[in-house]
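Visitor: Sequence plus predicted model, see below.
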Amino acid sequence: MSGAAMGSEQVAVTASAEGWTIRTTGRLGAPVNLTTARFELRYDRDWKPLSLEIDASLRGQPLVLKTAFANGKATSSIIQGGQQTQKTDEVAADTVVLPNLFFGAYEALALRLASASPGTQIKAYIAPQIEIGITLNSINSERIQTAGRVVAAKRYNLALASPGGALAAEVWVDEASRLVRFRVPTQGLDVARDDIAAVSSRVERMVRPTDEQARIQASGFTLAATVSKPATTGTGAAIRWPAVILVPGSGLADRDETIAGVSIFAQLANAIADAGFLVVRFDKRGVGQSGGRGESATIVDFSDDVRAVVKYLDKRADVDPKRIALVGHSEGGLVSMLAASEEKEGIAALALIATPGTTGADLVLEQQRHLLDGMNLPDDEKQRRTDLQKRIQAAVISGNGWEAIPPAYKGQADTAWFRSFLTFDPARIMRKVAQPTLIMQGDRDRQVIARHGQLLVGMARARKNDPGSELSVVEGVNHLLVPAVTGEVVEYPSLQDRAVSPRLISTLVGWLRDKLHVDTARPGH
């Protein structure tokens, strides 16, 4: 829930002459605090519900539910909070029984969806409350790489007709139509089977026939990466490709940098490889299949990881070590800038996309002001929150002043990464960057607003012997590099177009070809 592990269920689905039975046990911690001693849901051979029995404890109080299904009715006996009640609801004969917070029940929905097509409507009984409608909007194919195999999954995109309005949800199933994943993105809820939830597993957002999976040696651990090569392999003499390293932004970013359903780096890697470059994208340390500990890492550490990827490419026989470029997105631009300042010979060009042009401390305050401007709060309350944020940042940087700040904030803010971010000054680092630099910015970016692009290109052009600096502002594009109406973060879940802007890709590819001296008529030259 909201990115934090909340608990688990153990689920068994069995078949007999009488029908199907789903049994589960498990425990969900705070904020739910639900312990399930027994859950048994029975269907007949045609997946029509017969009975439901639950013996559980919710927030320390007994929760006992017994429901029988017959003649279009669900008759329930409920013990909750020390009170016993009876209830009867009219339900469809083939309703799918989905009591709240008992996710093993979704095995039945997974099996029902296996034979459904877009437009199908299914009745679901949220026992013992209400029956709702579920509409199947679309179906997508997904590939999930686990430690043992690749799971060819289907993702069913659903609309749940809840009393508060339609709720978007996803049900993922494997080749045997067993439940793999259940997601409600707007509620931050993600339920995944243990093999899929393992740190060694990843959803393959984009797969090319010539892709390689690589392990890159970093400082005491390895980075897991995908190497995408151009489709043209050439004949005769071995080709040495120009190479591009994609550097992800903040947080738990994997190699595809998927945010709100937009696989930013998977799309960029595909387009850049098609244009004649070898492309590397990698899971950040401590994320996905990469080793290391991300929680204690700083921007300097992440920069060292990028330099490790540069050294890896330098040793590859199919890469021209004099033609390696970095493309950093958001905080990844800061990381790339630092790496480029330290690897003047090993990095030939630098592209910064949606990258901050101020210190992290100033950016955080700018973002907070933007959020507060959109809230219906008195001016004095807005000022109070701003002052608190300034005190927190000062305490993080200096290590002093925490006694005047609520303790909960220290646990969240007092980290090595946040300290390095707050104190990172792009102007100081840009003076040391010797590579030609492209700055790209979406004009509807509300996380790193357009003025940051102007700041960065000003810094780049102020360099002594500037080797070439360009600014490209892409109209109608947000921080995720896709078309947007407002560009606000709250708009991300409802984005209609999740394809990275073709204009942004075209500009980036053209610049890379120019700076890395790519001859489009002679691949690899």
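Guide: Nice, thanks for sending it over. None of these values were measured; they are calculated from a predicted model.

Visitor: Can you show me the helices along the stretch 1-150 of the chain?
Guide: 106-113 (DSSP state H, counting those that start in this stretch).

Visitor: actually the stretch 201-350 of the chain, sorry about that
Guide: In the stretch 201-350 of the chain, helices defined by DSSP H, counting those that start in this stretch lie at 264-274, 299-314, 331-342, listed in chain order.

Visitor: and these as TSV, adding mean pLDDT?
Guide: Listed next are the helices of the stretch 201-350 of the chain as TSV, based on pLDDT from 0 to 100:
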stretch	mean pLDDT
helix 264-274	96
helix 299-314	97
helix 331-342	98
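
Visitor: right, so those: which one is the most enclosed?
Guide: helix 331-342 (a mean of 26; mean count of other CB atoms under 10 Å). For glycine as for every other residue, the C-beta is placed from the backbone atoms N, C-alpha and C.

Visitor: now that helix: how far from the chain's centre is it?
Guide: 22 Å (CA atoms, centre = their mean, to the nearest Å).

Visitor: contacts for it?
Guide: Contact with helix 331-342 is made by 246-250, 253, 299-300, 302-303, 306-307, 310, 326-328, 347, 350-356, 421, 424, 426, 429-430, 432-435, as judged by CB atoms under 8 Å, 6 or more residues apart in numbering.

Visitor: how much space between the closest residue to residue 173 other than its chain neighbours and residue 98?
Guide: Excluding its sequence neighbours, the residue lying closest to residue 173 (CB to CB, 6 or more residues apart in numbering) is residue 110, at 4.5 Å. Computed as CB to CB, to the nearest Å, the residue 110 to residue 98 distance reads 11 Å.

Visitor: From the neighbour counts alone, determine which of these two ranks first.
Guide: Between residue 110 and residue 98, counted using other CB atoms under 10 Å, the more crowded position is residue 110 (23 against 20).

Visitor: Kindly state the pLDDT recorded for the more buried one?
Guide: On pLDDT, residue 110 comes in at 95.

Visitor: I figured it hits residue 171, correct?
Guide: Yes. The criterion here is CB atoms under 8 Å, and residue 110 meets it with residue 171 at 5.8 Å.

Visitor: Now list whatever residues contact both of the two.
Guide: By the contact definition CB under 8 Å, 6+ apart, residue 110 and residue 171 are jointly contacted by residue 179.

Visitor: circling back: reformat the helices of the stretch 201-350 of the chain as CSV; add distance to residue 478.
Guide: CSV is the format used below for these (distance: least, CB to CB, whole Å):
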stretch, distance to residue 478
helix 264-274, 11
helix 299-314, 24
helix 331-342, 16
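
Visitor: To residue 449, which of the ones you listed lies closest?
Guide: helix 331-342 (14.5 Å; CB to CB).

Visitor: May I have the closest one as CSV, with CA atoms only?
Guide: Output of helix 331-342 as CSV, limited to C-alpha atoms (Å, rounded to 0.1, in the frame of the first residue of the first chain):
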residue,chain,number,x,y,z
GLU,A,331,17.6,13.9,-11.0
GLY,A,332,19.4,11.6,-13.5
GLY,A,333,20.5,14.8,-15.2
LEU,A,334,22.3,15.9,-12.1
VAL,A,335,23.9,12.5,-11.7
SER,A,336,25.0,12.6,-15.4
MET,A,337,26.4,16.1,-15.1
LEU,A,338,28.6,15.0,-12.2
ALA,A,339,29.7,11.8,-14.0
ALA,A,340,30.6,13.9,-17.1
SER,A,341,32.6,16.3,-15.1
GLU,A,342,34.7,13.4,-13.8
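
Visitor: May I see the domains of the chain written out as residue ranges?
Guide: Domain ranges of the chain: 7-197, 209-359+425-515, 361-419, per automatic domain parsing.

Visitor: now for the shortest one, what's the gap between its first and last residues?
Guide: Domain 361-419 has an end-to-end distance of 9 Å (CA to CA, to the nearest Å).

Visitor: for the first one, same thing?
Guide: The distance separating the two terminal residues of domain 7-197, taken as CA to CA, comes to 12 Å.

Visitor: That domain: how far from the chain's middle?
Guide: Remark: domain 7-197 is offset 24 Å from the chain centroid, using CA atoms, centre = their mean.

Visitor: same thing with the second one?
Guide: For domain 209-359+425-515, the separation from the chain centroid amounts to 17 Å (computed by CA atoms, centre = their mean).

Visitor: mind checking the end-to-end distance for it?
Guide: 27 Å.

Visitor: my read: residue 351 touches residue 440, true?
Guide: Yes. Here residue 351 reaches residue 440: they are 6.8 Å apart, a contact under CB under 8 Å.

Visitor: Mutual contacts of these two, please.
Guide: residue 508.

Visitor: Count the neighbours of residue 85 for me.
Guide: Neighbours of residue 85 under the rule other CB under 10 Å: 10.

Visitor: same question, residue 157
Guide: Residues near residue 157, counting by other CB under 10 Å: 16.

Visitor: Now do the contacts for the nearest residue to residue 31 once chain neighbours are set aside.
Guide: Nearest residue to residue 31 in three dimensions, chain neighbours excluded: residue 1, at 7.6 Å (CB to CB, 6+ apart). Neighbour list for residue 1: 31-32, 187-190 [criterion: CB under 8 Å, 6+ apart].

Visitor: can you pull the pLDDT of residue 236?
Guide: For residue 236, the model assigns a pLDDT of 49.

Visitor: host element of residue 196?
Guide: Using DSSP states H and E, residue 196 sits within helix 194-197.

Visitor: in the sheet, who's paired with the residue lying closest to residue 269 once chain neighbours are set aside?
Guide: Closest residue to residue 269 apart from its sequence neighbours, by CB to CB, 6+ apart: residue 279 at 4.5 Å. Per DSSP bridges, the residues bridged to residue 279 are residue 228, residue 244.

Visitor: so who does residue 279 touch?
Guide: The neighbours of residue 279, taking CB under 8 Å, 6+ apart as the test, are 227-229, 243-246, 268-269, 272-273.

Visitor: surely residue 119 meets residue 134?
Guide: No. With contacts counted by CB under 8 Å, residue 119 stays clear of residue 134, the gap being 11.9 Å.

Visitor: Between those two, tell me which one has more neighbours.
Guide: residue 134 (23 against 9).

Visitor: Quick check, pLDDT for that one.
Guide: Taking residue 134 on its own, its pLDDT is 96.

Visitor: Let me see the contact set for it.
Guide: 96, 109, 121-124, 158-161.

Visitor: mind checking how far the spatially closest residue to it that is not a sequence neighbour is from residue 252?
Guide: Among residues not flanking residue 134 along the chain, residue 122 sits closest, at 4.5 Å (CB to CB, 6+ apart). If you measure residue 122 against residue 252 using CB to CB, the figure is 33 Å.

Visitor: Can you pick out the residue with more neighbours from the two?
Guide: residue 122 (18 against 12).

Visitor: So that one versus residue 46, what's the distance?
Guide: 14 Å.

Visitor: Then residue 178?
Guide: 19 Å.
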